[in-house]
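# Take a look and give me a structure for this.
(chains A, B, C and D)
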Protein chains: 2
Amino acid sequence: MRIGELAGRTGVSPRLLRYYEEQGLLRPRRRPSGYREYGEGDVERVRRIRVLLSAGLPTTTIADVLPCTVDVGDGLAAACPGLLPELRRERDRISRSITDLSTARTMLDTIIGATSH
Amino acid sequence: MRIGELAGRTGVSPRLLRYYEEQGLLRPRRRPSGYREYGEGDVERVRRIRVLLSAGLPTTTIADVLPCTVDVGDGLAAACPGLLPELRRERDRISRSITDLSTARTMLDTIIGATSH
DNA sequence: GTTGACTCTCACATCCATGTGAAGGTCTAG
DNA sequence: CTAGACCTTCACATGGATGTGAGAGTCAAC
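As a prediction, this is how the structure comes out:
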């Protein structure tokens, strides 16, 4: 499919899809015209990129992680032992973020509760 | 206390403390010399700012929220009914962020689990 | 006094995902 | 053949918290 369709199906702008390619996260084929040609699998791939990106992983780290993920039904398999330290670091960072967000939410809930009696 | 001490006790750089003031989050007194003079309560206030900031609230929103919080032991009381919609919106946004982060963490855990057998 | 640590203001830099726009090629339906 | 939608590359803008540095004033200790 071309970039417009992938954009439509993922909700990610063409501009960003090109940016992800520039960052090494996507590698579409090219038509003779120069048009990018994406495969079906890229829909899921973009979804994963979005998940990791929204979790605060930088594109460079995502570029390391993606090649290590292989589809297994709706799950993943992977085998990049060298990446383990970084993966654990990111997971821990995410856990801390969740803790921080929970703290903030509790604070807001307290205020909301006190305000609405 | 002066800015250096507050910075030391909160772990927040003087630069940021001045920035928070510029954003209306802190209102230190001034000495005749122009030096900022902070009160004890500002230590806790800065801590709250950090919590909300790390949860992604913009300083302008924090500026709205802070005046509505009154110390009650280690908790808060508040009474700004007009702020409720925004507070709820932010809380929901935080909840979504937590969901997103959990999804990403699960993804990383799956990869980590698959990699380390 | 003088030195050195601290403070002041102001201004410019950085990060990095994301937007926007210009100038121009490609494809498809009529 | 042509119009219009889609695509290409390139470059510059943005936002918002944060860093950094310059030039100058303040204060405490010796």
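
# you'd agree A:R31 is up against A:Y38?
No: A:R31 is beyond contact range of A:Y38, at 11.2 Å (criterion: C-beta atoms under 8 Å). (Glycine included, C-beta is placed from N, CA and C.)

# Comparing those two, which shows the higher neighbour count?
A:Y38 (23 against 10; other C-beta atoms under 10 Å in any protein chain shown).

# Next one: the more buried one from A:E5, what distance?
Taking C-beta to C-beta, to the nearest Å as the measure, A:Y38 falls 8 Å from A:E5.

# swap in A:T59?
23 Å.

# Over to A:R96?
With distances taken as C-beta to C-beta, A:R96 is found 38 Å from A:E5.

# quick one: low-confidence parts of chain A?
Where chain A drops to pLDDT under 70, the residues are A:70-79, A:115-117.

# Helix or strand: which one has the residue of it found nearest DNA strand D?
Proximity of chain A to DNA strand D (C-beta to the nearest atom of the strand) peaks at A:G4, 2.5 Å away. Secondary structure assignment for A:G4, by DSSP states H and E: helix A:3-10.

# Now do that helix: distance to the chain's middle.
On the basis of C-alpha atoms, centre = their mean, to the nearest Å, helix A:3-10 sits 16 Å off its chain's mean C-alpha point.

# check whether the next helix or strand after it contacts DNA strand C.
Remark: after helix A:3-10, the chain's next helix or strand is helix A:14-22, criterion DSSP H and E. Yes: Helix A:14-22 lies within reach of DNA strand C by C-beta under 7 Å from any atom of the strand, at A:15-16, A:19.

# Same list (the residues you listed) but as CSV, adding distance to A:G82 and neighbour count.
Listed next are those as CSV, based on distance: C-beta to C-beta, whole Å; neighbours: other C-beta atoms under 10 Å in any protein chain shown:
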residue, distance to A:G82, neighbour count
A:R15, 33, 10
A:L16, 29, 15
A:Y19, 26, 14
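
# now, which of those sits nearest chain B?
A:L16 (17.0 Å; C-beta to the nearest C-beta).

# Check the gap between the closest one and A:D64 for me.
A:L16 is 19 Å from A:D64, by C-beta to C-beta.

# Next: A:T103.
A:T103 is 30 Å from A:D64, by C-beta to C-beta.

# give me phi/psi at the spatially most central residue of chain A?
Central residue of chain A (C-alpha atoms, centre = their mean): A:I49, 2.4 Å from the mean position. Backbone torsions of A:I49, given as degrees, to the nearest 10, read phi -60, psi -50.

# so it makes contact with A:V65?
No: using C-beta under 8 Å, A:I49 is not in contact with A:V65; the gap is 9.7 Å.

# Compare neighbour counts for A:T59 and A:E5 and give me the winner.
Remark: of A:T59 and A:E5, A:T59 carries more neighbours, 16 against 11, as counted by other C-beta under 10 Å.

# My read is that the more buried one contacts A:L26, right?
No: with contact defined as C-beta under 8 Å, A:T59 does not reach A:L26; the gap is 10.8 Å.

# which neighbours do these two share?
A:Y20 (C-beta atoms under 8 Å, 6 or more residues apart in numbering or on different chains).

# what's the burial count for A:R36?
By the measure other C-beta under 10 Å, the count of residues near A:R36 is 20.

# Fine, thanks again, bye for now.
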